[in-house]
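> Compute the structure for the input listed below.
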Amino acid sequence: MKDHLTKQQVFDKVADHLARQKEQSRITKPTLHGFICAYRGDDGKKCAVGALIPDEVWEEHGIDEATWGGNSAAFKLFTDFPELKEKSGLGAVTTNFLAQLQTVHDALDMQWGLRLYNLAEDNSLSFDRNKFERDLADLEHTL
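Numbers count the residues shown, from 1 in each chain. Next up is the predicted model:
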């Protein structure tokens, strides 16, 4: 079992991951948009919640991405695999909060800075939206 991360640590880890990855994690699916967001995408990308689950823990459970991809599936994922939270150090964070982070990633408008800012405000967490937006822009120029 890993040490439990605080809500702030989880939030910071997700914000950093999204700024570095710059894109949604997706798998191709016959849907209106031709894709669904996924914990582990076709191209190795990870969603907000997927980035919190170590690869070895994910693989140990043999989770089929086609079953678990899609908007706000965190409740079902952590209900069906409750040990994922403990093994990933997420035991101290509510599934509701994890689902909210997943929703930030899954939004089609990709307004991550605004969505993270609002989530931070709602949960009394610290977040520098301007720095996030600068980091996102800086990374775009270096990749």
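
> all strands of this protein, in order?
Ranges of strands in the chain, per DSSP state E, are 26-28, 35-37.

> Of these, flag the one that's most buried.
Across the strands of the chain, averaging neighbours per residue (mean count of other Cβ atoms under 10 Å) puts strand 35-37 on top, at a mean of 22. For glycine as for every other residue, the C-beta is placed from the backbone atoms N, C-alpha and C.

> tell me what it is packed against?
Counting contacts by 3 or more Cβ pairs under 8 Å, 6 or more residues apart in numbering; DSSP states H and E, strand 35-37 is packed against strand 26-28, helix 95-106.

> Worst mean pLDDT among those?
Per-stretch mean pLDDT for the helices and strands packed on strand 35-37 is lowest at strand 26-28 (a mean of 77).

> pLDDT wise, what is the residue nearest to Asp3 when sequence neighbours are not counted at?
Leaving aside its chain neighbours, Asp3 sits nearest to Gly89 (5.8 Å; criterion: Cβ to Cβ, 6 or more residues apart in numbering). Looking at Gly89, its pLDDT reads 91.

> sorry, back to before: mind putting the strands of the chain in TSV, distance to Ile63 included?
TSV is the format used below for the strands of the chain (distance: least, Cβ to Cβ, whole Å):
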stretch	distance to Ile63
strand 26-28	13
strand 35-37	15
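
> mind checking which of these is nearest Thr79?
strand 35-37 (18.9 Å; Cβ to Cβ).

> now the closest one: mean pLDDT?
Strand 35-37 comes out at a mean pLDDT of 75.

> try stretch 135-143
62.

> I'd like the numbering to begin with 19 instead of 1 from here.
Noted, 19 is the first residue going forward, which turns the last one into stretch 153-161.

> and Gln42, how many neighbours?
Gln42: 20 surrounding residues under other Cβ atoms under 10 Å.
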